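Asker: how does the following fold in three dimensions:
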Amino acid sequence: MLCLKMVSDSCFLNLPIDSHCGPRMPTKTIRTESVVVIMKILSLGSLNIDLVYSVSHINLEGETLSARERETKQGGKGLNQSVALARAGAEVYAAGAVGPDGLFLKALLEQSGADTRYLQVMEGEVTGHAIIQLVPTGQNSTIISAGANGALTETYIDDTLSHFGPGDLLLLQNETSNVPYAMKKARELGLKVAFNASPITAQIFEYPLELVDYFIINEIEGQAIAGCEETGHKAILAALAARFPKAVIVLTLGKDGVLYHSGEEEASHGVYASTVVDTTAAGDTFCGYFLASVARGLPAAEALRMASLASALAIGVKGAANSIPGWAEVEQYGAGR
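Answerer: Predicted structure coming up:
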């Protein structure tokens, strides 16, 4: 067990750091006036092989539509968010599962700087797949098939979470099995929990959402989770804040930017003008960059800014994970903006 000792004006504080075999990535910190808190981020989510079809419009019921082009890409919300976290400089551990056909997803994570020691390669399972229709405006429609994403067991979650503890954060989405179990287990171990509640399903309303520390959700997801009949952005945010008073709420609004609420603190940020090529990974890029900025100790307003800048860059590139920029690129893009 390693310890950090930090001197303040009046106290000493010993903070445990999880020790484990294998090389460690550079440690990221959150700073307060007198404490440095070590923060590892475990991103437990979906990893998909994306089949991207470029079409003139989203396919209608009963319609046969010819694609102009088909490409195979790396994707999945878990993969995209892990890549965004890594490229933003966070100490991120990518967890989840692929089949033998998904080894190129694992390779991309490693190339991006994510630690994959807890990622399963499951013999006898196929990797999750997504069929994405991409139209000329950059908008898309997606169908997903879970594959190995739906085979995560409680035992696997227990084993993976055993390497993490207080001061660390678990990032979850809703594209894998046993999400509520992971929430409960993480909180038992003292981790913070961030939840990107996508896609919205009937089961999500049975999850222990009161355990979530960070909600990073869009307005449709927010309205559903809050049980809010009103559609106004501020009304949805207020309903979420009332239902989850201890949580940080980040409500993304597409072209209208983002709203933030945490206790007495509220903030907002607009979008940056950008040529829209493909919006597939925009939300995942925002999520990863926001949490990486929090891990760097940036205030909420600056975290929203960096996440918005990164998303603006991502939508200018065709593809999902390959569209996610690095921290230096985002800083350069944001200079003067």
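Asker: excluding chain neighbours, what is closest to residue 131?
Answerer: The shortest distance from residue 131 to any non-neighbouring residue, by Cβ to Cβ, 6 or more residues apart in numbering, is to residue 143 (4.6 Å). For every residue, glycine as well, the C-beta is placed using N, CA and C.
Asker: same question for residue 80.
Answerer: Using Cβ to Cβ, 6+ apart and skipping the chain neighbours, the partner closest in space to residue 80 is residue 284 (3.5 Å).
Asker: how far is the one helix or strand the one you found maps to from where the chain is centred?
Answerer: For residue 284, the element it lies in under DSSP states H and E is helix 282-295. Centroid separation between helix 282-295 and its chain, computed with Cα atoms, centre = their mean, to the nearest Å, is 7 Å.
Asker: what does stretch 233-248 give?
Answerer: That offset, for stretch 233-248, works out to 20 Å (Cα atoms, centre = their mean).
Asker: quick one: mean pLDDT over that stretch.
Answerer: The pLDDT scores in stretch 233-248 average 97.
Asker: what sits against the residue nearest to the spatial centre of the chain?
Answerer: The chain has residue 81 as the residue nearest its centroid, 4.0 Å off, counting by Cα atoms, centre = their mean. Contact analysis of residue 81 by Cβ atoms under 8 Å, 6 or more residues apart in numbering lists 43, 45, 171, 173, 196, 284, 287-288.
Asker: would you say it is within a helix?
Answerer: Yes. The assignment for residue 81, made by DSSP: H, G, I helix; E, B strand; the rest coil, places it in a helix.
Asker: state the distance from it to residue 316.
Answerer: 19 Å (Cβ to Cβ, to the nearest Å).
Asker: same check on residue 89?
Answerer: For residue 89, the distance to residue 316 - Cβ to Cβ - is 21 Å.
Asker: comparing those two, which residue is more hemmed in?
Answerer: A count of neighbours by other Cβ atoms under 10 Å puts residue 89 above the other of residue 89 and residue 316, at 19 against 16.
Asker: surely the more buried one and residue 328 touch.
Answerer: No. Between residue 89 and residue 328 there is no contact under Cβ atoms under 8 Å: 9.4 Å.
Asker: and the residue nearest to residue 278 when sequence neighbours are not counted, what pLDDT?
Answerer: For residue 278, ignoring the flanking residues on the chain, the nearest one in space by Cβ to Cβ, 6+ apart is residue 318 at 4.6 Å. pLDDT, residue 318: 87.
Asker: and residue 318, how many neighbours does it have?
Answerer: Applying other Cβ under 10 Å, I find that residue 318 has 17 neighbouring residues.
Asker: list the contacts for it?
Answerer: When contacts are counted by Cβ under 8 Å, 6+ apart, residue 318 touches 134, 277-278.
Asker: out of those, which comes closest to residue 335?
Answerer: Set against residue 335, the nearest of the contacts of residue 318 by Cβ to Cβ is residue 277 (22.3 Å).
Asker: hang on, that closest one in a helix?
Answerer: No. Going by three-state DSSP, the assignment for residue 277 is coil, not a helix.
Asker: all strands for the stretch 201-337 of the chain, in order.
Answerer: Secondary structure of the stretch 201-337 of the chain (DSSP state E, counting those that start in this stretch): strands located at 214-218, 248-252, 258-262, 265-269.
Asker: again with the stretch 1-150 of the chain
Answerer: Under DSSP E, counting those that start in this stretch, the stretch 1-150 of the chain gives strands at 2-7, 12-17, 29-31, 36-38, 41-44, 48-54, 69-75, 92-98, 119-121, 128-134, 140-145.
Asker: got the end-to-end distance for stretch 133-146?
Answerer: Taking Cα to Cα, to the nearest Å, stretch 133-146 runs 18 Å from one end to the other.
Asker: contacts for that stretch?
Answerer: Here stretch 133-146 makes contact (Cβ under 8 Å, 6+ apart) with 46, 48, 52-59, 128-132, 175-177, 199, 276-280, 315, 318.
Asker: try 7 Å this time
Answerer: When contacts are defined by Cβ atoms under 7 Å, 6 or more residues apart in numbering, stretch 133-146 is touched by residues 48, 52-59, 128-132, 175, 276-280, 315.
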